[in-house]
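S.K.: sequence and predicted structure below; questions after.
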Amino acid sequence: MSARMITITRTDLHRLTEILDSELTLAIVGQRAHLRELRENLQRATVVESPDMLPDVVTMNSTVYVHDLDRSETDVYTLVYPEEACIAEGKLSILSPLGVEILGRRVGEAVTVHVLDRESRKRIDKLSFQPERVGAFHL
């Protein structure tokens, strides 16, 4: 996992920091490299106000088309906070390895997700919804 800069809204930064500082999350962070990476990404992030977010950046509650480069399949996910996660409904938790990798990425970027000693290469193909684009600044 390499260091990367992300752009995040001030609202998302505040909520994600609270989640990462919760007792439950603190108890599992040491065992989950992707959660340490999320914390590091947030510490390095460029923070913008919601109306100033670029329209092609994956933010919380964005609906994103993710193409698996190894399987040539596309999945659609909405990046959500942990309490809303339901993968059967396409609601991907920010605390999942893929959630951490796509937050703050732009359409067209490729990511490598590490799960169970396996790597999976994916590309962000499209955002069909970004809350900031439609003025929904407090989802």
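M.R.: Yep, it's here.

S.K.: just the CA coordinates of the helix-or-strand element of the chain with minimal mean pLDDT, formatted as CSV?
M.R.: Counting by mean pLDDT, DSSP states H and E, the chain has its least confident helix or strand at helix 23-29, which shows a mean of 71. Output of helix 23-29 as CSV, limited to C-alpha atoms (Å, rounded to 0.1, in the frame of the first residue of the first chain):
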residue,chain,number,x,y,z
GLU,A,23,-13.5,2.2,20.5
LEU,A,24,-14.6,-0.6,18.1
THR,A,25,-12.5,0.6,15.2
LEU,A,26,-9.5,1.3,17.4
ALA,A,27,-9.7,-2.3,18.6
ILE,A,28,-9.4,-3.7,15.1
VAL,A,29,-7.1,-1.1,13.4
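
S.K.: quick check: mean pLDDT of the next helix or strand after that helix?
M.R.: Per DSSP states H and E, the first helix or strand lying C-terminal to helix 23-29 is helix 33-44. Across helix 33-44, the average pLDDT comes to 91.

S.K.: which strand runs longest in the chain?
M.R.: Using DSSP state E, we find that the single longest strand of the chain is strand 118-129.

S.K.: buried residues, that strand. List them.
M.R.: Neighbour counts over strand 118-129 (16 or more other C-beta atoms under 10 Å) mark 120, 122-124, 127 as buried. Heads up, the C-betas are built off the backbone N, CA and C, glycines and all.

S.K.: helix or strand for residue 137, which one?
M.R.: According to DSSP H and E, residue 137 maps onto no helix or strand at all.
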